[in-house]
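S.K.: Next come a sequence and a model predicted from it.
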Amino acid sequence: MLGVAEGAREDSASWRQFLRYLRERGLERIRLVVSDKSLGLLEA
């Protein structure tokens, strides 16, 4: 499954929202994340 999002911020709240979006689409487990910056990802 692939998800793409554009946003002004890459803080933990934005990452949580994106991960929630993926779960709502049926994603059960994340295996790989590709990002130009991952600010806030680990905290999310």
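M.R.: Happy to help now that I have it.
S.K.: Does residue 20 fall in a helix, a strand, or a coil region?
M.R.: Three-state call for residue 20 (DSSP: H, G, I helix; E, B strand; the rest coil): helix.
S.K.: how close does it get to residue 35?
M.R.: Between residue 20 and residue 35 the computed distance is 16 Å (Cβ to Cβ, to the nearest Å). (Glycine included, C-beta is placed from N, CA and C.)
S.K.: what do you get for residue 43?
M.R.: 14 Å.
S.K.: Count the neighbours of residue 2 for me.
M.R.: 6 (other Cβ atoms under 10 Å).
S.K.: ugh, wrong one, residue 12
M.R.: Residue 12: 14 neighbours (other Cβ under 10 Å).
S.K.: Equivalent analysis for residue 18, please.
M.R.: 19.
S.K.: do the one 5 residues further on as well
M.R.: The local packing count at residue 23 equals 11, with neighbours defined by other Cβ under 10 Å.
S.K.: got the phi/psi numbers for residue 24?
M.R.: phi -60, psi -30 (degrees, to the nearest 10).
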